[in-house]
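> can you look at this prediction? I've put the sequence above it.
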Amino acid sequence: MLGEDLRRRKEALSLTTKEWSDLSGVPVGTINKILSGETKSPQYDTLCALEAALGERGDTLAVREFTSYQTEILQKKQGEYNAEDYYALPEDVRAELLDGELIYMQAPLTLHQLFLTEILFEFQSYIRKNRGNCLVLPAPLDVRLDDSAKTILQPDIVIICDRSKVKREGVYGAPDLVVEIVSDGSRKLDYRRKLTKYADAGVREYWIVDPKRQAVVTYHFEEDEIPYKYSFHDKVPVRIYGGRFEVDFFDLKTRLDSMYWSEQ
C-alpha cells in the first residue's frame, strides 16, 4: 500500500511528520491522511514533493503506483468509463460520469455559489415552514439516476421527496426536482445532454438557472417537455408543489447586487 510504503521509509530516516512537512511543503494533515490510507490517490505533485523530501526523486514506488493508475484510466476511451473508474479518481478531482464519459469540472465561481446558496435557502425555507418531507441537497453529491453504471452526476441542487433514495454514498434514483446553475463550461451540457438525461430518468422538474443571460428555463416533465422561460425579473413557480411556491428571482438578484452583481 502507498501509505505503508511511505511510512516505512519515513521511519527508516527517523523523520517526524512535522519535519517532513517542513521539507516538502505538504501540510501535516495531508501527510497524515496519506499515511493512514484515508487519501488513497493523492495528487501527483504532492507525491513528488514528499518523495523529494525523502531524498528520492524520479521513478520511486509511490510515483510509479500513481502513474500506473493514470495509465490505466487513460487507456480507456470516452464512452467506456464506468462507476469503478469514477470512484477511483483522486479525491481532489471534480468530475461527472455521463453515458460512460468522464467530464472534468473546474471549481465553481463565486457567483455560481451565491446563486446556489440563495436558491437552496428558498427551497429549504418553504419546506421547513410547511413541514414538508422532501430533502434539499446541494453539490457535491453523487446522483445515480438509474441502474446504469455509466452515469453518475452531481447536480447543483436536488429535491428528493422519496427518502429511500438517499443513501450514505449519495442518491440512488431520480430526484423530484433538479437545478443546474449554468457556467460557461457547462452551458451545452446543461441545456442539452443533461436535459435529455433527466427527462428520460424520471426527474419531475428541471431548472436551468443562467446568471450570464439572467434567465431561468424550467421543464415540468410530468406535463410536457415544453420549456417555461423566465427572466430575473420574474417569480418562478415550483410546479412539483402545484405552483403554490415561487422563487422571486428579482428579489434574489437584488440581494446579490450589493454583494457581487455590480462587479460583473
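All right, it came through fine. This one's a predicted model, so the numbers in the text were calculated from it and none came from an experiment.
> what about Pro227, how many residues close to it?
Close neighbours of Pro227, defined as other CB atoms under 10 Å, add up to 14. Every residue, glycine included, has its C-beta placed from N, CA and C.
> before we move on, what about Glu51?
Neighbours of Glu51 under the rule other CB under 10 Å: 20.
> what about it, which SS state?
Under the three-state scheme (DSSP: H, G, I helix; E, B strand; the rest coil), Glu51 adopts helix.
> tell me the pLDDT of it.
On pLDDT, Glu51 comes in at 76.
> roughly how far apart are it and Ser24?
9 Å (CB to CB, to the nearest Å).
> just Tyr219 next, same as before
Distance of Tyr219 to Ser24, given as CB to CB: 50 Å.
> between these two, which is the more surrounded one?
Taking other CB under 10 Å, Tyr219 and Ser24 do not tie; Tyr219 has more neighbours (22 against 19).
> got the CA coordinates for the helix or strand harbouring Tyr198 in CSV?
Assigned by DSSP states H and E, Tyr198 belongs to helix 194-201. Output in CSV follows, covering the C-alpha atoms of helix 194-201 (Å, rounded to 0.1, in the frame of the first residue of the first chain):
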residue,chain,number,x,y,z
LYS,A,194,-28.4,16.7,-19.1
LEU,A,195,-31.9,17.9,-20.1
THR,A,196,-32.4,14.6,-22.1
LYS,A,197,-30.9,12.5,-19.3
TYR,A,198,-33.0,14.0,-16.6
ALA,A,199,-36.2,13.7,-18.6
ASP,A,200,-35.5,10.0,-19.5
ALA,A,201,-34.6,9.1,-15.9
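> could you give the angle of the next helix or strand after that helix to helix 194-201?
The C-terminal neighbour of helix 194-201 among helices and strands, as given by DSSP H and E, is strand 205-210. Going by axes from the mean of the first three to the mean of the last three CA atoms, to 10 degrees, strand 205-210 is angled at 170 degrees with respect to helix 194-201.
> show me where the chain has helices.
Applying DSSP state H to the chain gives helices spanning 2-12, 17-24, 28-36, 44-53, 61-74, 83-87, 110-129, 187-188, 194-201, 249-257.
> how about a markdown table for the ones you listed, with distance to Glu101 added?
As requested, the helices of the chain are arranged in a markdown table below (distance: least, CB to CB, whole Å):
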| stretch | distance to Glu101 |
| --- | --- |
| helix 2-12 | 28 |
| helix 17-24 | 35 |
| helix 28-36 | 29 |
| helix 44-53 | 23 |
| helix 61-74 | 13 |
| helix 83-87 | 11 |
| helix 110-129 | 22 |
| helix 187-188 | 13 |
| helix 194-201 | 12 |
| helix 249-257 | 32 |
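> looking at these, spot the one closest to Gly242.
Using CB to CB as the measure, helix 110-129 is the one of the helices of the chain that comes nearest Gly242, at 12.4 Å.
> now for the closest one, which elements pack on it?
Applying 3 or more CB pairs under 8 Å, 6 or more residues apart in numbering; DSSP states H and E, one finds that helix 110-129 makes contact with strand 135-138, strand 157-160, strand 177-181, strand 246-248, helix 249-257.
> let's go with 6 Å and repeat that
In this structure, helix 110-129 makes packing contacts with strand 135-138, strand 177-181, judged by 3 or more CB pairs under 6 Å, 6 or more residues apart in numbering; DSSP states H and E.
> picking that back up, give me the distance from the helix holding Tyr198 to the chain's centre.
Here helix 194-201 shows a centroid-to-chain-centroid distance of 18 Å under the convention CA atoms, centre = their mean, to the nearest Å.
> which outside residues touch that helix?
The contact list for helix 194-201 (CB atoms under 6 Å, 6 or more residues apart in numbering) reads 145-146, 174, 178, 206, 221.
> and stretch 255-264, average pLDDT?
Average pLDDT, stretch 255-264: 66.
> check stretch 165-182 too.
97.
> give the buried residues for it.
165-166, 170-171, 173-182 (16 or more other CB atoms under 10 Å).
> adding distance to Gly202, write these out as a markdown table.
What follows is the buried residues of stretch 165-182, written out as a markdown table (distance: CB to CB, whole Å):
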| residue | distance to Gly202 |
| --- | --- |
| Lys165 | 11 |
| Val166 | 16 |
| Gly170 | 17 |
| Val171 | 13 |
| Gly173 | 8 |
| Ala174 | 4 |
| Pro175 | 9 |
| Asp176 | 9 |
| Leu177 | 12 |
| Val178 | 11 |
| Val179 | 17 |
| Glu180 | 17 |
| Ile181 | 22 |
| Val182 | 23 |
